[in-house]
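Peer 1: Provided below are the primary sequence and the corresponding predicted coordinates.
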Amino acid sequence: MLRYEYKYYVPNGKLALLRALMEPYVTLDKYADSCPEKHYTVRSIYFETPDFECYRTKMAGIKNRIKVRLRGYNIENPNNTVFMEIKRKFESPIKKDRAPLTFKGALEAIGGKNLDNYIEASEKFQDAKDAARKFLYNVHARNMKPVVTVIYEREPWLNRFEEPENNLRITFDKNLRSNPYPTLNELYEEKETTYTLEDNFILEIKFNKRFPVWMTPILKMLNLKRQSASKYCLCIDSHYPIINIDNRFDMLSRGRIFSNNA
C-alpha cells in the first residue's frame, strides 16, 4: 500500500511540549511501551551502487527512486528478526517491500544460500518472499555494497481512535548517529560512530489517506515546517571524506558485504 511521509526537524527542547500536545490524540506503540525507556533502537545498513545512485537521486530530487537496506532493532541476537527492505518513492507516496528473516538467516541468504529456507512463515509469506527476491536482485545485479549504518532511537505513536484505513503513525527519531562502511555482521555494532542533528530530532507523520487535522495547529504553535529530512543522506554527509560520493573506487575498495573472518 502507498503511504505518505511528512517530516519535520524539531529542537530537542520542544520534545516534552510536542508530546504533551499530542497526548489527547495518540497512544504509545505497545512495543515501545514495553521498553524501559519507552523507545527502541532502529539500526539500518544501507546499500549503495559504486556511483552512489541512491544518494544522488535523492539529492537531485528525482521523484521516482529507491533505497535498499537491512533493518534490525535493539541489540544483537542471532534469532532477532531483521528485515530486507526496499523503500520506493513515487512522486509523493512511499511503498515499502519488506521481508522478515532471522539475523542469521538474512546473512546466509544474502551470502547465497537458498532463500526459501529463511523466510519466516506468515500469512504474507509470498509477499515476503517476493520482497526478499527484489532485495537480493538489487544487491547483486547492481553490485550494491553496505555504505553506512544509520542508528537512532524511535518513539512511535499511534492514533488513539480506530482508523485502520489511514494507519496513522507518528514517530520521534532521536539521537541520529551512524557508522561508515559496515559489513552486515556489524549491524548491531557502534564503532567510528558519528552523531548528527545533536540539537534536533526528526518528527515523521505517516498515513495512507488523510493527514491528521488536529496536528496542523500543533505544528503551527511549535513553528515546525515540513522539510526534506533524509536520515540516510544526513549520515552520508557526516562521514565526508571517509565516505566520498565522488570517488566510486572508494566504494569498490571499501564496501564489503561480510567481514573477512565471517
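Peer 2: Sure, I can see it.

Peer 1: now the nearest residue to Tyr9 once chain neighbours are set aside. Its backbone dihedrals?
Peer 2: Once flanking residues are discounted, Tyr9 sits nearest to Asn200: 4.8 Å by C-beta to C-beta, 6 or more residues apart in numbering. Placement of C-beta: from N, CA and C, glycine included. With angles defined as degrees, to the nearest 10, Asn200 shows backbone torsions of phi -140, psi 160.

Peer 1: and the gap between the residue nearest in space to the middle of the chain and Thr149?
Peer 2: The central residue of the chain, meaning the one whose C-alpha is nearest the mean C-alpha position (C-alpha atoms, centre = their mean), is Ser44 at 5.7 Å. As for Ser44, its distance to Thr149 is 7 Å (criterion: C-beta to C-beta, to the nearest Å).

Peer 1: ok, now Asn74?
Peer 2: Computed as C-beta to C-beta, the Asn74 to Thr149 distance reads 14 Å.

Peer 1: could you do Glu5 as well?
Peer 2: Using C-beta to C-beta, Glu5 is found at 21 Å from Thr149.

Peer 1: and what of Asn175?
Peer 2: Taking C-beta to C-beta as the measure, Asn175 falls 14 Å from Thr149.

Peer 1: these two: which has the busier surroundings?
Peer 2: Set side by side, Asn175 and Thr149 give different neighbour counts by other C-beta atoms under 10 Å, the larger being at Thr149 (29 against 16).

Peer 1: three-state assignment of that one?
Peer 2: When classified by DSSP: H, G, I helix; E, B strand; the rest coil, Thr149 comes out as strand.

Peer 1: list the contacts for it?
Peer 2: Applying C-beta atoms under 8 Å, 6 or more residues apart in numbering, we find Thr149 in contact with 43-46, 178-179, 182, 186-187, 189.

Peer 1: that older thread, secondary structure element holding the residue nearest to the centre of the chain?
Peer 2: With elements delineated by DSSP states H and E, Ser44 resides in strand 40-48, which encompasses its position.

Peer 1: do the same with Phe172
Peer 2: Since the elements are taken from DSSP H and E, Phe172 ends up inside strand 169-180.
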